[in-house]
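*Asks:* Would you be able to build a 3D model of this:
(2 chains)
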Number of protein chains: 2
Amino acid sequence: MKKLRIGIAGLGTVAQGVLHLIKNNGNLMSDRTGIELVVQRIASRSARPDVDLLGAAFSTDVHDLVADPEVDVVLELIGGEGLAKELIESALAANKPVVTANKAVVAAHGDQLLAGGNVPLRFEAAVAGAIPIIQSLSQGLAANRINAIYGIINGTCNYMLTVMEEEGLAFNEVLAQAQALGYAEADPAFDIDGIDAAHKLTILAALGFATSYDFSALYIEGITQIAAEDIQYAKELGFKIKHLGIAAHTPAGLETRVHPALVPSSALLASVNGVMNAVQVMSDGAGETLFSGPGAGGAATASAVLADVLALGSLVAAHTSDALGQSQDKPAVDTGPAIRRVAMDDIPSACYLRIPTVDRPGVFAQVASALSAHSISIEAVIQKEQPSADASVSIVIMTNVVVESVLNAALSELSALDTVVGDITRIRVAPTH
Amino acid sequence: MKKLRIGIAGLGTVAQGVLHLIKNNGNLMSDRTGIELVVQRIASRSARPDVDLLGAAFSTDVHDLVADPEVDVVLELIGGEGLAKELIESALAANKPVVTANKAVVAAHGDQLLAGGNVPLRFEAAVAGAIPIIQSLSQGLAANRINAIYGIINGTCNYMLTVMEEEGLAFNEVLAQAQALGYAEADPAFDIDGIDAAHKLTILAALGFATSYDFSALYIEGITQIAAEDIQYAKELGFKIKHLGIAAHTPAGLETRVHPALVPSSALLASVNGVMNAVQVMSDGAGETLFSGPGAGGAATASAVLADVLALGSLVAAHTSDALGQSQDKPAVDTGPAIRRVAMDDIPSACYLRIPTVDRPGVFAQVASALSAHSISIEAVIQKEQPSADASVSIVIMTNVVVESVLNAALSELSALDTVVGDITRIRVAPTH
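*Replies:* Numbers count the residues shown, from 1 in each chain, chains lettered A, B, ... in the order given. Have a look, this model is predicted:
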């Protein structure tokens, strides 16, 4: 039995989840892996006498974890960007492998952090919580050329869209409910504007396509413009609305985008509901694989953190520090020629449009002719007889596949029509690769 | 860059898939893992001049793979039990790690094969094709106590049940169709009687619950008694019928059983259709995780075979033969006290019953009273007015949760009633753990 001595930075939900799992399942982990996890030191700004530290030493300074020669592996579970990044860097510089759940730091500084160290930096918990998607991408599917990755990777968005669908409630009502239940933060922007999903997609794209960690290359759109009626119209058209992260390798290059998307109701992704996350991977050998599970929560995130720790442990147990640097457990970074990123303007999508217009004869013909002027054809239409409270009606249209910039030009023209009386909602149909 | 020299036994669909992936994606694999795969030798009874052997030496005797000092790893892709087992044993005895796709051999001889070798025997491809479920269970979820595993692990059964549902066809019609499409064998018994699923569940249970590879401990039932009308009745009751492998750790012990089961229509498992496989794992930290993908096919199986090969490669690359024996990549076997297996007779299930009776007043009361005599209560009933061609009617009943032996006794009594005019169909509701 090999001992692996871990140092934990942070004492929040995830760190407590890690301590809880080690306490309950430590023997089981040893039986499975031959590794005994010892919590050597815990560092947190303030002590938590209510938490069982499993006999670990306690520090208020996270740098003590790096300085402690008895700590083999550092777990960065403090979150945030400044101190977390500094801790990861100093641990790697001291040849201590690091496990982090910090998607923001990896998405923003992945290239630099992964290039720098001689020992692994692992971050299974940074994407999709409990789901072992990093391991599946870098090992389970290692023999495949990845064509596309589609992810439901923000639990708040998925919860909100699910409740809007099931209960027909408006966005703001569901947001308030989600906040009351703890599924959305008091300041929900990070989730509902798509930033959190974009952090995760940055990581998935870098791993799946051996490219750089480039958050700035992503197109990002949240769910704030989705109305309950969009979900109902989509249903009539045979779709569900999901907030997706999409990374796809097309002949034009690499698409990386986060936005609401129409998914066929019969697709497995469409059945991933509530706070659950899922990542679907399309690859040349394995075909269509999907991985789902809880995307957040102390225990689920701790499960992923400990998967990383135990994988490191098996390398340490192999008695070779060399192995730590060379193993495939360190994801490949930018090994091939850089893949060209496709600008959002150049990406083709079929689209759902909801156009609020005055209730007057001839308006539909006017809309259709504006679209037609841009060679956009109409694949399906829903037009309800009932005007809404403000006397407007909604024209709902599914377009053919059309390049983003062309549709944008058409939407500008449509918006300028005096018969169009409100913001046009545009939701792209999820591509198939 | 480390070279890993592989020897392949067999030249069938899976072996060809392996060669194809190495040819197309070999460089990609090297970039990702730092390992260059070299196909050193291929052994097959008969040569296949139409297949590109990638420069490998060719033998007609699989033992040449073990004898060849230039072969680092042996891939057993010949299938069957006799020669395959012999090859695995002799390779392990010669300290050559083995990768196999052979579920029958692992299910029947896993304990012996895993206990014997000093080097790893890996079998990701033996369960659920492309899905990296072995790795996810033994590494991705290594920190968790597994409560239950539910698997749709036979593509033929899932395809047939899906088509029966979507097209309302009878079992035999769908079977003929599946055979014509190559989704079912000319002799389909192995799949539709549940044997193949039971092989896979034996492996999942051994890994998930650190117990022995004991095929004989499983309760096994196929899908041959499922009629199109059962699928329709189940739908009315809010369920889909799936052929499931279930391994669950309950207070009574370990349940291991393979049979058709009612799954709530809203469950993610219920949306896994056609030839796709899926494995759902319930665990204490990660919660409800699900892994889906193609369960068969040359390319999909080859993807899993090569995931194993590359994982072995990372150990070989670490320059330590010691690592091969000690790493967590060798699944734990029977490390804890043996878990008691629960006999099928003692397992409680809610059940769907379809009882063909004569069309006469008082029959339902007679059936209800026979159930009631065994303290079985009726949770839902469907009774159609229309008698079928033979003038019988079907009484469809959902029971409360009742222990198997009690229900069996009640079913014997019911069958003996002169108003019951055919075989009673019983389908258990999938448990929730």
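
*Asks:* quick one, helices of the stretch 301-433 of chain A?
*Replies:* Along the stretch 301-433 of chain A, the segments classed as helices by DSSP state H, counting those that start in this stretch run A:321-326, A:363-373, A:404-416.

*Asks:* now for the second one, which elements pack on it?
*Replies:* Looking back up the chat, that one is helix A:363-373. Applying 3 or more Cβ pairs under 8 Å, 6 or more residues apart in numbering or on different chains; DSSP states H and E, we find helix A:363-373 packed against strand A:351-358, strand A:378-383, strand A:392-399, helix A:404-416. C-betas here are computed from N, CA, C, even on glycine.

*Asks:* do the last one as well
*Replies:* Here helix A:404-416 touches strand A:348-349, strand A:351-358, helix A:363-373, going by 3+ Cβ pairs under 8 Å, 6+ apart.

*Asks:* just the angle between the longest one and strand A:392-399, please?
*Replies:* If I follow you right, that is helix A:363-373. Using axes from the mean of the first three to the mean of the last three Cα atoms, to 10 degrees, the inter-axis angle of helix A:363-373 relative to strand A:392-399 is 30 degrees.

*Asks:* Which residue ranges of the stretch 51-200 of chain A form strands?
*Replies:* Secondary structure of the stretch 51-200 of chain A by DSSP state E, counting those that start in this stretch: the strands cover A:57-59, A:73-76, A:98-100, A:121-122, A:146-152.

*Asks:* who are the neighbours in contact with residue A:147?
*Replies:* Going by Cβ atoms under 8 Å, 6 or more residues apart in numbering or on different chains, residue A:147 touches A:248, A:249, A:282, A:283, A:284, A:433.

*Asks:* which residues touch the fourth one?
*Replies:* In other words, residue A:283. By Cβ under 8 Å, 6+ apart, the residues touching residue A:283 are A:141, A:144, A:145, A:146, A:147, A:289, B:303.

*Asks:* what pLDDT does it get?
*Replies:* On pLDDT, residue A:283 comes in at 98.

*Asks:* Give me the distance between it and residue B:21.
*Replies:* Relative to residue B:21, residue A:283 is positioned 10 Å away (Cβ to Cβ, to the nearest Å).

*Asks:* Spell out which residues are contacts of both of the two.
*Replies:* A:144, B:303.

*Asks:* about what we covered before: is it possible to get the helices of the stretch 301-433 of chain A out as TSV so that each row also shows mean pLDDT and mean neighbour count?
*Replies:* Below are the helices of the stretch 301-433 of chain A laid out as TSV (pLDDT from 0 to 100; neighbours: other Cβ atoms under 10 Å in any protein chain shown):
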stretch	mean pLDDT	mean neighbour count
helix A:321-326	44	18
helix A:363-373	96	16
helix A:404-416	97	16
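
*Asks:* So which of those helices is nearest residue B:369?
*Replies:* helix A:363-373 (63.6 Å; Cβ to Cβ).

*Asks:* For the closest one, give me every contacting residue.
*Replies:* A:355, A:357, A:377-378, A:381, A:383, A:395, A:397, A:399, A:410, A:413-414, A:417, A:419-420.

*Asks:* Type out the ChimeraX command that picks the buried ones from those residues.
*Replies:* In ChimeraX, this line selects whichever of the contacts of helix A:363-373 come out buried by 16 or more other Cβ atoms under 10 Å in any protein chain shown:
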select /A:355,357,378,395,397,399,410,414,419,420
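
*Asks:* Tell me the one of the contacts of helix A:363-373 nearest residue A:122?
*Replies:* For those, the nearest to residue A:122 is residue A:399 (43.0 Å; Cβ to Cβ).

*Asks:* before we move on, the earlier item: who wins for proximity to residue B:345 among the helices of the stretch 301-433 of chain A?
*Replies:* helix A:321-326 (49.9 Å).

*Asks:* Hmm, which of the contacts of helix A:363-373 is lowest in pLDDT?
*Replies:* Per-residue pLDDT puts residue A:383 lowest of the contacts of helix A:363-373, at 86.

*Asks:* wouldn't it be in contact with residue A:397 here?
*Replies:* No: taking Cβ atoms under 8 Å as the definition, residue A:383 is not a contact partner of residue A:397, at 9.2 Å.

*Asks:* so how far is residue A:102 from residue A:78?
*Replies:* In terms of Cβ to Cβ, residue A:78 sits 8 Å off from residue A:102.

*Asks:* An error on my part: the question was meant for residue A:388.
*Replies:* Remark: distance between residue A:388 and residue A:102 (Cβ to Cβ) = 45 Å.

*Asks:* Looking at these two, which is more packed in?
*Replies:* residue A:102 (26 against 13; other Cβ atoms under 10 Å in any protein chain shown).

*Asks:* Next, the contact list for the closest residue to that one other than its chain neighbours, please.
*Replies:* Leaving out its chain neighbours, the residue that sits closest to residue A:102 by Cβ to Cβ, 6 or more residues apart in numbering or on different chains is residue A:84, at 5.2 Å. Shown in contact with residue A:84 (Cβ under 8 Å, 6+ apart): A:9, A:76, A:78, A:100, A:102, A:105.

*Asks:* Can you verify my assumption that the fifth one contacts residue A:83?
*Replies:* Yep, that's residue A:102 we're talking about. No: contact criterion Cβ under 8 Å: residue A:102 and residue A:83 do not qualify, at 10.6 Å.

*Asks:* average model confidence for stretch A:269-278?
*Replies:* 97.

*Asks:* which parts of that stretch are buried?
*Replies:* Those would be A:269, A:270, A:271, A:272, A:273, A:275, A:276, A:277, A:278, for stretch A:269-278 by 16+ other Cβ under 10 Å.

*Asks:* Restricting to those residues, which residues neighbour chain B?
*Replies:* Contacts with chain B are made by A:270, A:271, A:272, A:273, A:276 out of those, judged by Cβ under 8 Å from any Cβ of the partner chain.

*Asks:* In this structure the fourth one contacts residue A:164, no?
*Replies:* Right, residue A:273. No: between residue A:273 and residue A:164 there is no contact under Cβ under 8 Å: 11.5 Å.

*Asks:* Spell out which parts of the stretch 1-150 of chain A neighbour chain B.
*Replies:* A:17, A:21-22, A:24-25, A:28-29, A:31-35, A:124, A:130-132, A:135-136, A:138-145.

*Asks:* Using neighbour counts, trim those to the buried set.
*Replies:* By 16+ other Cβ under 10 Å, the residues of the stretch 1-150 of chain A next to chain B give A:17, A:21-22, A:24-25, A:28-29, A:32-35, A:124, A:130-132, A:135-136, A:138-145 as buried.

*Asks:* so how far is chain B from the closest residue to residue A:116 other than its chain neighbours?
*Replies:* Nearest non-adjacent residue to residue A:116, counting by Cβ to Cβ, 6+ apart: residue A:92, 6.0 Å away. For residue A:92, the distance to chain B (Cβ to the nearest Cβ, to the nearest Å) stands at 19 Å.

*Asks:* Was I right to think residue A:92 contacts residue A:114?
*Replies:* No: the criterion here is Cβ under 8 Å, and residue A:92 misses it with residue A:114 at 9.3 Å.

*Asks:* Can you check which residues contact both of the two?
*Replies:* residue A:121.

*Asks:* quick one: low-confidence parts of the stretch 251-400 of chain A?
*Replies:* A:316-337, A:385, A:387 (pLDDT under 70).
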